[in-house]
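A.B. asks: coordinates only, sequence not included:
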C-alpha cells in the first residue's frame, strides 16, 4: 500500500490542505522540486514554512537547502548520521504546535538547533517512512496556522 493509500484508509488526509507525495510529484527528497511543489500548493514562501521529518539526508538537507525551517523528529530509531542537523529537534509530536508557533515568528538563524524535550514518554504510533509527504497545514491551538 502506498503512503497515500495508508493515509486514506485511516481517514487522515482530510486534516491537511495539501499533499506532496513523491510518487505523484515524480521526485524524492531532498530534490528541491518536491519542496517547491509543497510550497506552491500551500501558497507560501520558504521562510513561512517548516518541514518535519526524521531523516537528515533527505528531510533536513532538503528543507535547509530550500530555506525552510527544518524540524527533525527523533524516535526509537534516531538518525545519527553525519548529514546536516535540523534547526529544531523534537522528541514528542505533542510539542510540535507550540514550537512551530514560536519558531516561525523568530529568526531561524540560530547556531545550534532548538531542543524540545518530550512531554511524555508516549509512542504516538508514528511509523518511519523513507518518503513521507511534505507540505501541510495544521490549525494551532491559538487559531493560527502552521505550515508544515
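C.D. replies: Arrived safely, thanks for sending. Treat the numbers as computed from the prediction; the structure is a model and nothing was measured. Numbers count the residues shown, from 1 in each chain.
A.B. asks: now the strands for this protein?
C.D. replies: 50-53, 69-73, 88-90, 114-116, 137-139, 145-147 (DSSP state E).
A.B. asks: so where do the helices sit in this protein?
C.D. replies: 3-9, 22-25, 32-42, 61-66, 96-103 (DSSP state H).
A.B. asks: for the longest one, packing partners?
C.D. replies: If contacts are counted by 3 or more C-beta pairs under 8 Å, 6 or more residues apart in numbering; DSSP states H and E, helix 32-42 sits against helix 22-25, helix 61-66. Backbone N, C-alpha and C define where each C-beta goes, glycine included.
A.B. asks: which residues of the protein score low on pLDDT?
C.D. replies: 102-148 (pLDDT under 70).
A.B. asks: re earlier: so can I have a markdown table of the helices of the chain showing distance to residue 89?
C.D. replies: Converted to a markdown table, the helices of the chain look like this (distance: least, C-beta to C-beta, whole Å):
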| stretch | distance to residue 89 |
| --- | --- |
| helix 3-9 | 24 |
| helix 22-25 | 24 |
| helix 32-42 | 20 |
| helix 61-66 | 14 |
| helix 96-103 | 10 |
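A.B. asks: closest one to residue 76 among those helices?
C.D. replies: Proximity to residue 76 (C-beta to C-beta) singles out helix 96-103 among these, at 17.8 Å.
A.B. asks: can you pull the contacts of residue 13?
C.D. replies: 4, 7, 19 (C-beta atoms under 8 Å, 6 or more residues apart in numbering).
A.B. asks: Residue 46 too?
C.D. replies: Shown in contact with residue 46 (C-beta under 8 Å, 6+ apart): 35, 39, 66, 67, 68.
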